[in-house]
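**Q** Quick one, what's the 3D model for this:
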Amino acid sequence: MIKAVIFDMDGLMFDTERLMMLAWDYAGEKMGLGKTGHMVLKTLGMNRILSREVWKEEYGEVFKAEELDLYTNEFFEHYYSENDVPVKTGLYELLSYLREHHYKIGAASSTYIEKVKHHLNNAKILEYFDVVVGGDMVEKSKPDPQIYQKASELLGVKPDSCYALEDSRNGLLAAYRAGCKPIMIPDLWQPDEEISRILYAKRNNLSEVIDILKDNHNNNC
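**A** Numbers count the residues shown, from 1 in each chain. Okay, here's the model as predicted:
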């Protein structure tokens, strides 16, 4: 029986992956590399450290992590001075349903915990979460299962009693390897044959997860 739902953040709760593509296009041009937004697709679900390794493989010695951070932050400081974090369809509806029906709720994001909590607070949903785990709270990045193992442990729920909501290959693999039931809500990437085999379900948006929860409840009554 499902007792908890664990959310990824970027591309799942918030439309931040597309924003990151714009930010990295901006940063790439500032660094003299041209538009580099495509690197988002190569680093989906990765933490900061692993992501930087992929950048180094792509651009070699001309890539400077400190410059990327500088210009990425510059882009986001300007964006968030005028805009709130963009919320994905169905997020508020799903969170309300989970609270009403007494599910435990967790977040497991490769993004550093400070930024995760900032975004959740900005969207006025931080209070919904019993547990928030950021990428800097575990040693290994997705697709390693460690972050989902930690989230389920802190929730006090076995992984096989958790739905894990994800949009990326690395995130889905992490959830599956931890023993959670991975549900995919596609964002920038559609599942290949390997990922399709490990999915518990796939839905178009977060509100559609409610029907899965209702079916789970009815089957266990």
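**Q** Tell me how many other residues crowd residue 128.
**A** Per other C-beta atoms under 10 Å, the neighbour tally for residue 128 reads 18. Using the backbone N, CA and C atoms, a C-beta is placed for each residue, glycine as well.
**Q** same question, the one 4 residues further on
**A** In terms of burial, residue 132 registers 20 neighbours under the definition other C-beta under 10 Å.
**Q** Is it correct that it falls within a strand?
**A** Yes. According to DSSP: H, G, I helix; E, B strand; the rest coil, residue 132 belongs to a strand.
**Q** Excluding sequence neighbours, find me the nearest residue to it.
**A** Take residue 132 and drop its neighbours on the chain: the residue closest to it by C-beta to C-beta, 6 or more residues apart in numbering is residue 107, 4.6 Å away.
**Q** pretty sure that neighbour is in contact with residue 135, am I right?
**A** No. In this structure, residue 107 is not within contact of residue 135 by C-beta atoms under 8 Å, at 11.3 Å.
**Q** continuing past the helix or strand containing residue 25, what's the next helix or strand?
**A** Under the criterion DSSP states H and E, the helix or strand holding residue 25 is helix 16-30. Per DSSP H and E, the first helix or strand lying C-terminal to helix 16-30 is helix 39-42.
**Q** Export only the CA atoms of the helix or strand where the residue nearest to residue 132 lies, formatted as CSV.
**A** Applying DSSP H and E as the criterion places residue 107 in strand 104-108. Written as CSV, here are the backbone C-alpha positions of strand 104-108 (Å, rounded to 0.1, in the frame of the first residue of the first chain):
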residue,chain,number,x,y,z
LYS,A,104,3.4,11.6,3.7
ILE,A,105,5.1,14.0,1.2
GLY,A,106,8.8,14.3,0.4
ALA,A,107,11.1,16.1,-2.0
ALA,A,108,14.2,14.6,-3.4
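**Q** For the helix holding residue 25, which helices and strands make contact with it?
**A** Contacts defined by 3 or more C-beta pairs under 8 Å, 6 or more residues apart in numbering; DSSP states H and E place helix 16-30 against helix 39-42, helix 65-82.
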